[in-house]
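Undergrad: just to be clear, the model below is a prediction. Sequence and coordinates:
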Amino acid sequence: MIIIKNLVKKYGEFYALHGLNFEVNENEIFGLLGPNGAGKTTLIHILATLLKPTEGYAIVNGFNVLHDATKVRESIGVVFQAPSSDDMLTGYENLKVHALLYGIPSSKREIRISEVLKLVGLEERKNDQVKKYSGGMRRRLEIARGLLHNPKVFFLDEPTLGLDPQSRDIMWTYIKKIVKEENVTIILTTHYMEEADTLCDRIGFITNGRIIALDSPLNLKQEIGGDIVKITFTDDIHANTDFADFDFVHRVENNGNSVIIYMDEVNSNLHRLVKHLDDVKSIEYTKPTLNDVFLKLSGDTLSGDSPEGGFMQRYAQYKKS
């Protein structure tokens, strides 16, 4: 559904995107993850024909974003982070206005509005002013609006940002439903690791304008190298224990009086390891998460507080140099 080849976006000599190459499959939920300023929004703007690439090309639904921009726009729906529905209009009125803007024929307009309202669970609230909607309802209305013209590709930029956990769970249900019932491919950006893990068929991690990993959530987590065990000792001396003799241990990280151990089959192997240790204060065990994957790949966090910073910080550093 989407083909990206050698895609570059430069500002002067500064690279916002640095030679991206990947494809997105039909009817896939593809997650785009990375710190603030990594290049996610730049990439989406190029795919949505809002920015022109400096080099390379992108194909969306069979159309080139440069040479067939109108066809690309007809093929996509977009929900950006900032809310854009009219608070004074009802949910139905918002959808009718956009149906007119999208050029949906009058013979299909009311049917399609009813379909998308039902899809996102807003049928009973369609005649209420949007200012009376909760945050989650507003996001669902904007998703309904983006689906009015039956797009083949749907961009969701931080779809659950600012929502409470219950509203987030509801939104996840509707996003899955959209793929199944609307036969649409979704490109999703998020900072919520649980959201990406729950929704995405595949995930591309992007940092400093480059894709540094691309795979399914399960495969990415398996690359960490086993389960994660944190052992805290009563002093720093015992934390320097050599774990190289244990064949089930993949990696060890020392941190003062504690160690973090990446190991296979913690249920069967932990006792083998612990019986050789002295002065253990506590043991904690977790499964690898997508955040662990990102930390391993980049030594970064998804907050953008990396040594290189986000886009604007990196661009400012470039200008100074």
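TA: Yep, it's here. Numbering: from 1, shown residues only.
Undergrad: over to Thr289: give its phi and psi.
TA: Recorded main-chain torsions at Thr289 are phi -120, psi 170, according to degrees, to the nearest 10.
Undergrad: can you count the residues close to it?
TA: 17 (other C-beta atoms under 10 Å). For glycine as for every other residue, the C-beta is placed from the backbone atoms N, C-alpha and C.
Undergrad: can you check His276 too?
TA: 10.
Undergrad: which SS state does it fall under?
TA: Assigned by DSSP: H, G, I helix; E, B strand; the rest coil, the conformation of His276 is coil.
Undergrad: spit out the contact partners of the residue nearest to it when sequence neighbours are not counted.
TA: Nearest residue to His276, sequence neighbours excluded (C-beta to C-beta, 6 or more residues apart in numbering): Thr241, at 7.9 Å. When contacts are counted by C-beta atoms under 8 Å, 6 or more residues apart in numbering, Thr241 touches Val259, His276, Leu277.
Undergrad: now Thr241: how far from Asn269?
TA: As judged by C-beta to C-beta, to the nearest Å, Thr241 and Asn269 stand 16 Å apart.
Undergrad: got it, and Gln129?
TA: Taking C-beta to C-beta, one finds Gln129 at 60 Å from Asn269.
Undergrad: between the two, which one's more packed in?
TA: Asn269 (18 against 15).
Undergrad: so that one, which state does it fall into?
TA: Strictly by three-state DSSP, Asn269 counts as helix.
Undergrad: low-confidence bits of this structure, can you list those?
TA: Within the chain, the stretches with pLDDT under 70 are 225, 237-240, 298-321.
Undergrad: pop the domain breakdown of it in here.
TA: Following automatic domain parsing, the chain resolves into domains at 2-86+151-220, 226-287.
Undergrad: pick the most deeply packed of those domains.
TA: domain 2-86+151-220 (a mean of 18; mean count of other C-beta atoms under 10 Å).
Undergrad: checking my notes, Glu26 in a strand, right?
TA: No. Glu26: not assigned to a strand; according to three-state DSSP it is coil.
Undergrad: for the residue nearest to it when sequence neighbours are not counted, give me its contacts.
TA: Spatial nearest neighbour of Glu26, chain neighbours left out: Met1 (4.6 Å); criterion: C-beta to C-beta, 6+ apart. With contact set as C-beta under 8 Å, 6+ apart, Met1 has these partners: Val24, Asn25, Glu26, Asn27, Glu28, Val60, Asn61, Lys152, Val153, Thr185.
Undergrad: could you redo the last one with a cut-off of 6 Å?
TA: Val24, Glu26, Thr185 (C-beta atoms under 6 Å, 6 or more residues apart in numbering).
Undergrad: can you map out the strands along the stretch 201-321 of the chain?
TA: 202-207, 210-215, 227-233, 249-255, 258-263, 280-286 (DSSP state E, counting those that start in this stretch).
Undergrad: of those, which is nearest Leu7?
TA: strand 210-215 (10.0 Å; C-beta to C-beta).
Undergrad: using CSV, write out every CA atom in the closest one.
TA: Only the C-alpha atoms of strand 210-215 are listed here, as CSV (Å, rounded to 0.1, in the frame of the first residue of the first chain):
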residue,chain,number,x,y,z
ARG,A,210,16.6,7.1,10.2
ILE,A,211,14.6,3.9,10.6
ILE,A,212,16.7,1.9,13.1
ALA,A,213,14.5,-1.2,13.4
LEU,A,214,11.4,-2.5,11.7
ASP,A,215,9.5,-5.7,12.7
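Undergrad: and that strand, what other elements does it pack with?
TA: The criterion is 3 or more C-beta pairs under 6 Å, 6 or more residues apart in numbering; DSSP states H and E, and the helices and strands that strand 210-215 contacts are strand 14-24, strand 202-207.
Undergrad: what's the angle between that strand and strand 202-207?
TA: Strand 210-215 and strand 202-207 meet at an angle of 160 degrees, taking axes from the mean of the first three to the mean of the last three C-alpha atoms, to 10 degrees as the criterion.
Undergrad: what strands line up against strand 210-215, and which way round?
TA: strand 202-207 (antiparallel) (DSSP bridges).
Undergrad: okay, the strand it pairs with in CSV with CA atoms only?
TA: Taking Å, rounded to 0.1, in the frame of the first residue of the first chain, the C-alpha atoms of strand 202-207 are listed here in CSV:
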residue,chain,number,x,y,z
ARG,A,202,4.6,-4.0,12.6
ILE,A,203,6.5,-1.1,14.1
GLY,A,204,9.2,1.1,12.6
PHE,A,205,11.5,2.9,15.1
ILE,A,206,12.8,6.2,13.8
THR,A,207,15.4,8.4,15.3
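Undergrad: list the contacts of that strand.
TA: 30-34, 38-40, 196, 211-214, 216-217, 294, 298.
Undergrad: now do stretch 155-167
TA: Ile44, Val78, Val79, Phe80, Gln81, Gly135, Gly136, Arg168, Met171, Ile187, Leu188, Thr189.
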